[in-house]
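# structural data only, the sequence is not supplied:
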């Protein structure tokens, strides 16, 4: 399985129809808001994004694979579910570790902004 190809396709349609079979059952996920282990929790997080956020878009800037790691740079944006529907934007990157079975066993997201800077976007005019 070509993980880079699958990830490109997943990013293009994020958060809909993600390919969960590329993740290990006990995948470890971490970002500035969450930290957990398990594909079930990962799926629940994606469903939450798909259910509550409006016009979600994941723009893939770059993707590079080395032997056991894939690094992506991206910009995640969406409209918050508030009456004035502010457009939110988080630039960041992901570091994905690939295990010996060829599955993603770690998915760590980093943001190029603070959680406070993200929250402030709610109040922009």
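Yes, it's here. As the structure is a computational prediction, the values presented were derived from the model and not from experiment.

# dig out what the nearest residue to residue 121 once chain neighbours are set aside forms beta bridges with.
Nearest residue to residue 121, sequence neighbours excluded (Cβ to Cβ, 6 or more residues apart in numbering): residue 88, at 5.0 Å. From N, CA and C alone the C-beta is placed, and that goes for glycine too. Assessed by DSSP bridges, residue 88 has beta-bridge partners residue 78.

# neighbouring contacts of stretch 67-77?
Around stretch 67-77, the neighbours that count as contacts under Cβ atoms under 8 Å, 6 or more residues apart in numbering are 3-4, 7, 11, 14, 56-65, 87-99, 104.

# what does stretch 91-103 give?
Contacts for stretch 91-103 (Cβ under 8 Å, 6+ apart): 1, 3, 7, 22-24, 27, 65, 68-76, 104-113.

# kindly recompute the last result at 7 Å.
Applying Cβ atoms under 7 Å, 6 or more residues apart in numbering, the contact partners of stretch 91-103 are 1, 3, 22-24, 68-76, 104-113.

# ok, the residue nearest to residue 121 to residue 16 distance?
Separation of residue 88 from residue 16 (Cβ to Cβ, to the nearest Å): 18 Å.

# which of these two has more neighbours?
Taking other Cβ atoms under 10 Å, residue 88 and residue 16 do not tie; residue 88 has more neighbours (17 against 10).

# can you read off the pLDDT for the residue nearest to residue 121?
Residue 88 is assigned 95 on the pLDDT scale.
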